[in-house]
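Here is a sequence together with a model predicted from it:
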Amino acid sequence: MDNIEKLRVILQHWIDHNGGHVDEFEKWRQLMNNEGKTEIAASLEEAKTQMNKISDLLAAVLKNIGEPVAGDHHHH
């Protein structure tokens, strides 16, 4: 596997991984909002926005270099 192929795999992994963080941010944003901690909730909302922007940038790189090969995946 050459470096471009490796990058295709790791980019998709990072995008998927970021999605998990966004889900957790939202869970905690809701909890903080429900507890009246609106400043913390707003910061978590901003973190979600920024993480989504990062994922969009990574997706653009992935689109530029091609989709990952089926069956390839990142190993932790």
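Perfect, I can see it now. Residues are numbered from 1 along each chain as shown.

Now do the longest helix belonging to the chain: which elements does it pack against?
Counting by DSSP state H, the longest helix found in the chain is helix 3-34. Contact partners of helix 3-34 among helices and strands, from 3 or more CB pairs under 8 Å, 6 or more residues apart in numbering; DSSP states H and E: helix 38-65. Any C-beta I mention is one placed from the backbone N, CA and C, and that applies to glycine too.

Residues contacting stretch 55-66, please?
Residues from elsewhere that reach stretch 55-66, judged by CB atoms under 8 Å, 6 or more residues apart in numbering: 4, 7-8, 11-12, 14-15, 18-19, 22, 68.

and if we set it to 6 Å?
4, 11, 14-15, 18 (CB atoms under 6 Å, 6 or more residues apart in numbering).

hang on, the earlier thing: just the buried residues of the longest helix of the chain, please?
Within helix 3-34, the residues scored as buried using 16 or more other CB atoms under 10 Å are 8-15, 18, 22, 25, 29, 32.

Mind telling me which residue is nearest the centre of the chain?
Per CA atoms, centre = their mean, the C-alpha nearest to the average position across the chain is that of residue 18, at 1.9 Å.

returning to what we had before: turn the contacts of stretch 55-66 into JSON lines, including distance to residue 55.
Output for the contacts of stretch 55-66, formatted as JSON lines (distance: CB to CB, whole Å):
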{"residue": "4", "distance to residue 55": "20"}
{"residue": "11", "distance to residue 55": "10"}
{"residue": "14", "distance to residue 55": "8"}
{"residue": "15", "distance to residue 55": "5"}
{"residue": "18", "distance to residue 55": "5"}
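
Relative to residue 44, which of the residues you listed is nearest.
For those, the residue nearest residue 44 by CB to CB is residue 18; the value is 14.5 Å.
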